[in-house]
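Peer 1: This is a predicted model, with the sequence first.
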Amino acid sequence: MRSIVTSAILCLVTGLIVYGLVIRLNRKTAVVDAVKLFNGYNMKKDLEGQVKGKLEFLSKQMDSVQNKWRMVSAAKEQDSAKMLSTIYGMLKQKLQDEYTQSNKMINTEVWKRLNPLIESYGKKHGLHLIIGANGMGTVLYEDNYYDMTDDLIKYVNSKYEQGD
């Protein structure tokens, strides 16, 4: 009788261990290159296209003032050169401010849209964990076995094209 109880207990413990291993093995994990995802998202490209014209316009204005400043400096016209130098500095600052502001806006808008899509993707594919690998220390090594970056880029871009 004692051996039957011992055998039953051993079978129960073994079953629990096997069950625990099966549960652990069924946990799905994916690794996504966050930078590649961000840069591959069509919405980001569209937003960059929208601000590109304004940045190019400011850059051309800056170049034009710089060329005039060089001509005036060569002609030794100190007052005009000083005024153009001041204008050039203001345009340069405006360009830097516009660039910084547009990058911040793009980052905010893109991640606001990406985060729910990433969650939706994880649920759709039965994932329990998506790790963002970005070379900044969140994942120090991965062998691409779990890398689903390209698939996620396709998913978020298809949702973006559908208006989601």
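Peer 2: Ah, there it is. Numbers count the residues shown, from 1 in each chain.
Peer 1: For the chain, which segments count as helices?
Peer 2: For the chain, the helices defined by DSSP state H cover 2-25, 34-40, 42-74, 78-124, 149-161.
Peer 1: which helices and strands does the second one pack with?
Peer 2: The reference is to helix 34-40. Taking 3 or more C-beta pairs under 8 Å, 6 or more residues apart in numbering; DSSP states H and E as contact, the helices and strands that helix 34-40 lies on are helix 78-124, helix 149-161. C-beta: built from backbone N, CA, C; applies to glycine.
Peer 1: make it 7 Å
Peer 2: The elements that helix 34-40 packs onto, with contact taken as 3 or more C-beta pairs under 7 Å, 6 or more residues apart in numbering; DSSP states H and E, are helix 149-161.
Peer 1: How about the contacts made by the spatially closest residue to residue 85 that is not a sequence neighbour?
Peer 2: Spatial nearest neighbour of residue 85, chain neighbours left out: residue 69 (5.9 Å); criterion: C-beta to C-beta, 6 or more residues apart in numbering. Residue 69 is in contact with 81, 84, 85, 88, counting by C-beta atoms under 7 Å, 6 or more residues apart in numbering.
Peer 1: Now do the same contact list for the residue nearest the centre of the chain.
Peer 2: What sits nearest the mean C-alpha location of the chain, by C-alpha atoms, centre = their mean, is residue 38, with 3.0 Å. Residues near residue 38 by C-beta under 7 Å, 6+ apart: 44, 110.
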